[in-house]
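**Student:** quick one: sequence plus predicted model below, questions after.
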Amino acid sequence: MKVVILYQPNTETERSVQEYVREFARQTGKSISMIDSDSVEGDQMKAHYDVLQFPAIIVCRDDGSYIESWDEREKWPTISELSYYS
């Protein structure tokens with residue numbers, strides 16, 4: 001499985017995303033990929049997973065098939081909940 005955060009750099013939410021990713025790595029020893037929502041890869045992911053709000057967490061299988069997503073920062077899963085997917 002793969003966990004990705006689509007985010008917009010240089011916005012008020014960027015720091016919160018970075019802190020979440022850092023804390024996730026510290027607590028679990030695992031990493032989360034951060035992808036700029038305006039990059040080519042980000043555009044493809046937005047279209048494929050129908051993401052309209054940022055930042056968003058997307059969980060997918062290695063083949064890219066969708067598992068789960070959260071697009072409101074206030075409703076993101078706890079680190080222990082998300083670690084189940086990574």
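**Tutor:** Okay, I see it.
**Student:** the closest residue in space to Asp43 that isn't next to it in sequence: what's it in contact with?
**Tutor:** Counting by Cβ to Cβ, 6 or more residues apart in numbering, Asp43 lies nearest to Ser37, which is 7.8 Å off, once chain neighbours are set aside. Just so you know, the C-beta spots here come from the backbone N, C-alpha and C atoms, and that holds for glycine as well. Residues near Ser37 by Cβ atoms under 8 Å, 6 or more residues apart in numbering: Leu6, Tyr7, Gln8, Asp43, Lys46, Val51, Phe54.
**Student:** which residues sit in contact with the fifth one?
**Tutor:** Counting by Cβ under 8 Å, 6+ apart, Lys46 makes contact with Leu6, Ser37, Leu52.
**Student:** so the last one sits in a helix?
**Tutor:** No. The assignment for Leu52 is coil, going by DSSP: H, G, I helix; E, B strand; the rest coil, so no helix is present there.
**Student:** wouldn't it be in contact with Asp71 here?
**Tutor:** Yes. Between Leu52 and Asp71 a contact is recorded at 7.1 Å, counting by Cβ atoms under 8 Å.
**Student:** who's more crowded, those two?
**Tutor:** Asp71 (17 against 7; other Cβ atoms under 10 Å).
**Student:** how near is the more buried one to Arg15?
**Tutor:** 18 Å (Cβ to Cβ, to the nearest Å).
**Student:** ok so, going back, Throw the contacts of Lys46 into CSV and include pLDDT and distance to Glu81, thanks.
**Tutor:** What follows is these, written out as CSV (pLDDT from 0 to 100; distance: Cβ to Cβ, whole Å):
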residue, pLDDT, distance to Glu81
Leu6, 97, 19
Ser37, 95, 23
Leu52, 92, 23
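**Student:** list the contacts of the residue nearest to the spatial centre of the chain.
**Tutor:** In the chain, the residue lying closest to the centroid (Cα atoms, centre = their mean) is Ile5, at 1.9 Å. For Ile5, the contacting residues are Val17, Tyr20, Val21, Ile32, Ser33, Met34, Ile35, Pro55, Ala56, Ile57, Ile58, by Cβ under 8 Å, 6+ apart.
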